[in-house]
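**Q** what's the 3D shape of this:
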Amino acid sequence: MNEKESRLDDAEHRRLFEQKILDDAALETKSSFEHPKAIILAGQPGSGKGSLARAADVELGRDVVLIDPDELRNAHPEVSVLRNAHPYTWSGYTHPDASQWADELLQATIEGRKNLIFDTTLSNGQWSAELIKDLQSRGYDIEVRTMAAHKLESELGVDNRFSRQLDEVGHGRYVPEGAREAIYTKLPISLDTVHAQTTAPIRIFNRQGTEVYDSRTDARPPGQALEEARNAWFKDPTVTQELRERWQQQVDWHRDLPAHVQDLPNATPAVQEQVLAEHAELHVSDGVNSRLEGIATIDELVRPGAPPARVPVPEPEIPGLRRAGMTAGLAGLGVAATAYDASQAGERVGTLLAQDNLTAARSEALHFAARGAGGWAGGAATAAVVGTTGAGPVALVVADGYLFSAAADKAATLWDNRQIYAQTDKQGVRWEFNGSQWLRQAKADLPNDGVDTPQKQGMFALPEKARELNYHASSEAIEQALGKVQPSNPYVQPSSEADAAHLYARDWRHDPASGQWSRMIADQVDRNDRPIWTVDAASPERTAALDQQAAQVVDANIARGPAAIAATYEAAYQRNGWEDVGPVQAALNPDALQASDGRQYQRDAQGQWRHDGVAAEGNVPLELNATRERLQPALTQHAQAMAQMPARQTPTLQQQDQANTEATYAAYGVAPNAQTAGAIQRAVQRTREENGIDAATSALALERDASGHYSVDSPIQHLSRTADGVVRVAAITSTDDIRQARGQLQAHHQEHPPLRVTPTEPTASAQTQATALQPGDRGTEVLALQASLIQLGINARVKTPVEITGIYDQPTQRGVQAFQLMHGMNEVNGIADRSTLAAVQQQAGSAIAQRAVASQQAGTTLQDVPKGMMAAPAAPTAASPDRSQPDLHTQQQHQALDQQRQWQLQQEQTLQQERGRLKEQKKAEEQRDQAPVASAIDNPERGQPSSTLRPMSDPAHPGHALYAEVKDRLEAKGTPLPEDRLHQVTSEMYIIGFKPDWRGRVDVVNDTFYAQHAADPTRRMSQSLAEPTPSIQESMQQVKTTARQQEAAAQAKRDQPTPSGPVLG
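**A** Numbering: from 1, shown residues only. Take a look at the predicted model:
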């Protein structure tokens, strides 16, 4: 059942409203008033609006109608079926009817002049303003009450509510991430819209029930007040600690979900399986882990003595990005430099750290700092300060904002400097960085055409060469960064809202002689309209606050100054082993510092600071002494961290060779599994030995395989530079060579299984360990398990298919877990214990036997199988009755492996035949038509040209699936688009490579359409909805034109004899 099918017809919808909704609302029991009251609640999902509703209900004597669209979902007749089929997303299927019921109940309540509480998110300010004005015109006394909850609080509310409901009743209500994000962002804007267009009072409450804003008495805009109230909790260490502990509980719950899903009440095995499937599909655990990282980092900033924040699970999308920090107390990834800064700019902290995409968070922090906003980590200030003055030494965060590495953000301003991305290696060769690789140009003759025609060819650097170039680029970037650091003056502080208001007021300034803070103020002007200034001395309380702010500025200067930059570089230097490439930058000297006046000062033996022999004056000595005092323990802490950092281990020649081979395949977009990679390495080595090729002076490149693509079956070119300086092909490792090596490795695994030692009197636990398989295990038993799982069709039930590698990896664990869930086993943990192994073997044996019987009845052989069909594995050989049990088990393993390999070989042969047939068919059609075959978009019905192009709404269009998915997603969020606009945005997504079922999001926010691909951050788009909309035919013409260009480019690339990037170290 899809969302359209779940929508009730008009008659059924009306019947349920009259017989169910109105009956539950009990309008006839509520009083009617001449001037009824309406309380409109506002807040994002999970914010805690329920407490506001309960308080309002009591306030109105329970003589009120509560209108909550979420509660009305339960009236849908198929709600139980939908909850079981879609445990996480069922609410979207009931949304159209529930929303309409809410509107109908609202109108019935208004017509009856009843008091009402309307529980809404208030994400649409214009609609809300129109509703309020309509209510006021009907005599209602209206009030808007808003719950102020930070994103990390409301996200916790959503996740905790769902997990708790799932444990208690077997189902829960989960709000899609896109809806949560859009509502959170729109709410402040909507409040300002309501405030500007209506006279309704707006009140804001925190989660403790305390009123923090009333528009009738507070001059601030409500949107601003909401933002400030959301972030106020940054100042309370008890709140950050509690939130951190509760998020940790959620992380633990999601981690253990596969184990306790079978304990859910009223949940059948099918429902349990669907819970796990949607949990994985929506990447719920990734989001929860990211939010724990966010609150842990903030707690670490705010609460003295808080444990260091650590990433509980690596981010799967970006494995190269690790926690920016080395020791306890380090905070990174775009966190404010001090607790004070966190409380003043908490929204950015929360936004950056609560994002699922940590790469985007890091990039935003980098550019935010580059725009000159002080106190933030990233970019030109890649450091952070932990705690406030007196809470311990400043911790220098070791991040990669200035380092030329794969984890850095190429979009940073410094990276646009040619002095950084163009480097010369120690052999005098010039290289340039293209955003992902170091490239150089070399003469090469790679086509195997018998003609000596050297041409310029792009070559990319192997890992060790890239490491050398990264050193030079990083050193240059660090040198440039050091020259751009400018400390802020800690002894000039702006006036704040806490200070008394005056007609004119200047900044607070510190007197170094008296230690007193004062500012100039004016409340009168002379006859020439010039202010009459007087001195306003700070009170003792204000003086203490200003001293604290000054100390925090000192810490912030350290955090984004030379100390942090030097610490960043030094850590990268040691981590990458650059000592064999070049010297390290000079270490920072705490007795030689730059002050906020832009001058460099040296501290002499008497403790005086001098610049060019002239002693520092004014507040400068105080500033430098404070900086030195705070910097020294920070440097000590950093030195200890560096001492604890393990030195980089120089890779062996074999490891370098393997890394070079992996880099070669990665450059062509091919990722062999472990077993295939071993076979490739074996085949490559054999070719080298037969042709006398030295791995140290040669490189590899791939040719296209038989299907015209790059794959694990691609022949491998061995490239060497000849005496004339031209790179040529010295030898080729063929596809047959690779397959032969793969077969030899498989045979070796069969002939030499891992030794198994059986104790004389094993205990029960020892027997379990000896016969159980778990993640990390290797050997023929794992091979047999994987083959059996594939035989049972388990790959149709898991996201990442199980492959025969002999390694008990994560896909294997997920496959075992799916098998356990399917068969209702006691443990659903992905560990193949004795009972699971026995069940797998028994089921696989039955499946093979059934296929064998079917094959015998059909009387077909491999040669009899029609093209396009796959032959099933042969039946197993019967075991000899006099064999011992271990021999029988081993024989069954070998039989399962042999059968699986035979099946795969048959599939591969059949697929190859089909590819050949299609290739010949295409060639014949090209010759017959004497013209290139148009794409499906250009000519959807061959021989039937049309004056109009097929729209994407037509199921025959290649982009229809994407169109339908975008449309459904937008309708589910309540932001549908007109057909012409929908075609425009979907066409753009289609052109840049979005596919149906992509992982990511679409949103309509502030008259702008956004699309983001979660797995590929570079694939994103936005489209202003305020601009004129092209016609559907214009959008389709754009798709057609682009498709032709892409096809031409692809054909040109296929015609090239070699790729643009063979490797050469």
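**Q** Lys151 against Thr185, yeah?
**A** No: Lys151 is beyond contact range of Thr185, at 9.6 Å (criterion: CB atoms under 8 Å). The C-beta positions use only the backbone N, C-alpha and C, and glycine is treated the same way.
**Q** And those two? Which one has more around it.
**A** Using other CB atoms under 10 Å, the more surrounded residue of Lys151 and Thr185 is Lys151, with 23 against 16.
**Q** How many residues are close by Arg686?
**A** There are 15 residues near Arg686, going by other CB under 10 Å.
**Q** State the number of residues packed around the closest residue to Val966 other than its chain neighbours.
**A** Ranked by CB to CB, 6 or more residues apart in numbering and with sequence neighbours excluded, the top spatial neighbour of Val966 is Thr986, at 5.0 Å. Thr986: 26 surrounding residues under other CB under 10 Å.
**Q** Phi, psi for Thr986 please.
**A** Per-residue torsions, Thr986: phi -70, psi -40 (degrees, to the nearest 10).
**Q** was I right about it contacting Leu962?
**A** Yes: assessed by CB under 8 Å, Thr986 is found in contact with Leu962 at 6.0 Å.
**Q** which residues are common contacts for those two?
**A** Residues touching both Thr986 and Leu962 (CB atoms under 8 Å, 6 or more residues apart in numbering) are Met952.
**Q** before we move on, back to that, which residues does the residue nearest to Val966 contact?
**A** By CB under 8 Å, 6+ apart, the neighbours of Thr986 are 952, 959, 962-963, 966-967.
**Q** what's the spacing between it and Pro996?
**A** Distance, Thr986 to Pro996, by CB to CB, to the nearest Å: 11 Å.
**Q** Overlap in contacts, these two.
**A** Leu962.
**Q** what's around Pro811, how many residues?
**A** Around Pro811 there are 21 other residues, counting by other CB under 10 Å.
**Q** distance of it from Thr661?
**A** From Pro811 to Thr661 the distance is 23 Å (CB to CB).
**Q** From Arg430, how far out is Glu468?
**A** Glu468 is 13 Å from Arg430, where distance means CB to CB.
**Q** and if you look at Met645?
**A** 33 Å.
**Q** Over to Ser596?
**A** Plainly put, Ser596 is 41 Å away from Arg430 if you go by CB to CB.
**Q** go on, Pro222?
**A** 59 Å.
**Q** Then Ser698?
**A** Taken as CB to CB, the span from Ser698 to Arg430 is 22 Å.
**Q** Asp286 now?
**A** 41 Å.
**Q** more crowded one of these two?
**A** Asp286 (19 against 10).
**Q** in what helix or strand does the more buried one lie?
**A** helix 284-302 (DSSP states H and E).
**Q** Tell me which other helices or strands that helix touches.
**A** Contacts defined by 3 or more CB pairs under 8 Å, 6 or more residues apart in numbering; DSSP states H and E place helix 284-302 against helix 151-169, helix 237-260, helix 339-344, helix 346-354.
**Q** Next, the distance between the ends of stretch 196-216.
**A** Distance across stretch 196-216, first residue to last, is 13 Å (CA to CA, to the nearest Å).
**Q** Let the chain start at 58 from now.
**A** With the count now opening at 58, the last piece we talked about shows up as stretch 253-273.
**Q** Tell me the buried residues in that stretch?
**A** For stretch 253-273, burial by neighbour count (16 or more other CB atoms under 10 Å) applies to 255, 257-264, 269-270, 272.
**Q** What of stretch 1049-1067?
**A** Buried residues in stretch 1049-1067, counting neighbours by 16+ other CB under 10 Å, are found at 1051, 1055, 1057-1062, 1066-1067.
**Q** How far does that stretch stretch from one end to the other?
**A** End-to-end distance for stretch 1049-1067: 14 Å, by CA to CA.
**Q** tell me the contacts of the closest residue to Gly726 other than its chain neighbours?
**A** Closest residue to Gly726 apart from its sequence neighbours, by CB to CB, 6+ apart: Tyr767 at 6.6 Å. Neighbouring residues of Tyr767 by CB under 8 Å, 6+ apart: 725-727, 759, 761, 1116.
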